[in-house]
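# show me the folded form of this:
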Amino acid sequence: MGNHMKTTVEIADALLAEVRILMERDNMTLKSLVELGLRRVVADAKREKKPVPPRIVTFGGDGLQPGVNGFQDMLELTYAGRGG
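Residues are numbered from 1 along each chain as shown. Below is the predicted model of the structure:
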């Protein structure tokens, strides 16, 4: 068997009352029920997907084309001839 550690846990009275009903119904000990709950929390945490940072994409390599001096110029070029 592995190592074991004894610890004290404070549980709200209302929750403990519900837990005792489960323990009796499922013939479980408080220790086994706590361990089951902790295992589920750990498993869920391992399954959580970490946000992937966006990939920075650049085009051209030499910056803006000659005559394009900012965002407004880019918009005008993008929509030129489209009736906007």
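# which pLDDT value belongs to residue 80?
With respect to pLDDT, residue 80 has a value of 84.
# what about it, neighbour count?
As a burial measure, residue 80 scores 8 neighbours (other C-beta atoms under 10 Å). Just so you know, the C-beta spots here come from the backbone N, C-alpha and C atoms, and that holds for glycine as well.
# strands of the chain, residue ranges please.
Taking DSSP state E to define them, one finds no strands in the chain.
# quick check, pLDDT for residue 35.
For residue 35, the pLDDT comes out at 94.
# OK, contacts around residue 33?
By C-beta atoms under 8 Å, 6 or more residues apart in numbering, the contact set of residue 33 is 19, 22-23.
# put the buried members of the residues you listed into a PyMOL selection.
Remark: buried members of the contacts of residue 33, expressed as a PyMOL selection using 16 or more other C-beta atoms under 10 Å:
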select buried, resi 19
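# now pLDDT and distance to residue 7 too, for the contacts of residue 33, in JSON lines please.
Listed next are the contacts of residue 33 as JSON lines, based on pLDDT from 0 to 100; distance: C-beta to C-beta, whole Å:
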{"residue": "19", "pLDDT": "94", "distance to residue 7": "17"}
{"residue": "22", "pLDDT": "93", "distance to residue 7": "21"}
{"residue": "23", "pLDDT": "94", "distance to residue 7": "18"}
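# that concludes my questions; thank you for your assistance.
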